[in-house]
Structures are given as structure tokens and as C-alpha cells.
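Here is a sequence with its predicted model. Questions after.
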Amino acid sequence: MTATNIFVNLPTTDLERSKAFYEALGFRINPLFTDENAACVVLSDTIYFMVLTREYLGTFTDKQIIDPKTQAQVSIALTRDSREDVDVALAKGLAAGGSEPRPAQDYGFMYSRDLDDPDGNNLSFLFMEPAAAEQGPEAYMAQQGAGAQSTSA
């Protein structure tokens, strides 16, 4: 079976601003699938964001296109290799015009920070302790002697 490619369609009111934002996060734009209506943001060999003007996104559905600044339809979580890498991603995104809608979440086994792009589309950057990913959060926290308690950073 060949790998499944994932394309996440995100609305924007300013395509050039969106391209600059995602490039500032370290992603590249695929020019072969980018024009005045859309930009293809390459996250990996199989995962892409298609940042589309609201008008163009509307041609793919009969449903209302929501305003991501006031409504959430999806939250996209992207892993990082360390807590520090999560903080670096947020710093880059904030410097590029993004905003942090809530405080960091530190669950002991997982550290997460949310970043809204300039249009309000939500990204979560997270680091999970490898042992917690393998054993499950409760077993990992029990080994740490802390129990599975949630705390905010």
C-alpha cells in the first residue's frame, strides 16, 4: 500500500501574509501548487497545508466557511523533539504575526503550546516524553511517582 498524503485546507484573508507566516515557522512553499488562490505549505513528504483564500475554499463546499478567529473547526497538533523546540516554534510564530491564545499546558508527560496563525487557524506544538508515548501517560506518570495530574505552566 502506498503512503496516504494528507492535505489540510485552511482559509486565509491574506495569502501572502499566510505564506510568510508558515515559511517563518520553517516550512516551505511548493511553487508548483501555489497561485493567487492557494499556497501549498509542505510539512513533510506526505503532509501539506493548502492555505486557500476564503473565496477559493468556498468553491470546494456548499457549507459556510467559518471565521477561524471566532470559531474553531479543527486544531492541528504538530509534535516537536523537545520542550525547547516547542518554545522555539512559538517564538518564530509569534514573531511572524501569530498569537498565543492560552497559556502553555504542562501535563508532566506532555508539554503543549497553542499558536494561532494570523487568520486564527489553531496549531498546537507539543512534546511528549517518548516513554509516555510507549507506555501511556498514566503508567509513565506512575513511574515518575507523580500520578497523572494536570498542571498549567
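Nice, thanks for sending it over.

C-alpha only now, for contacts and for neighbours.
Will do.

State the number of residues packed around the nearest residue to Ile47 once chain neighbours are set aside.
Among residues not flanking Ile47 along the chain, Ile6 sits closest, at 4.7 Å (Cα to Cα, 6 or more residues apart in numbering). Under the neighbour criterion other Cα atoms under 10 Å, Ile6 is assigned a count of 13.

try Ser75
Residue neighbour count, defined by other Cα under 10 Å, stands at 13 for Ser75.

unless I'm mixing things up, the residue nearest to Ile47 is touching Asp45, no?
No: counting by Cα atoms under 8 Å, no contact exists between Ile6 and Asp45, whose distance comes to 9.7 Å.

Please report how far Leu90 lies from Gly108.
For Leu90, the distance to Gly108 under the criterion Cα to Cα, to the nearest Å works out to 19 Å.

let me redo that: Tyr48
When distance is defined by Cα to Cα, Tyr48 is 30 Å away from Gly108.

Domain map for the protein?
Taking automatic domain parsing as the criterion, the chain consists of the domains 1-59, 72-153.

Is it possible to get CSV of those that adds mean pLDDT?
What follows is these, written out as CSV (pLDDT from 0 to 100):
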stretch, mean pLDDT
domain 1-59, 96
domain 72-153, 89
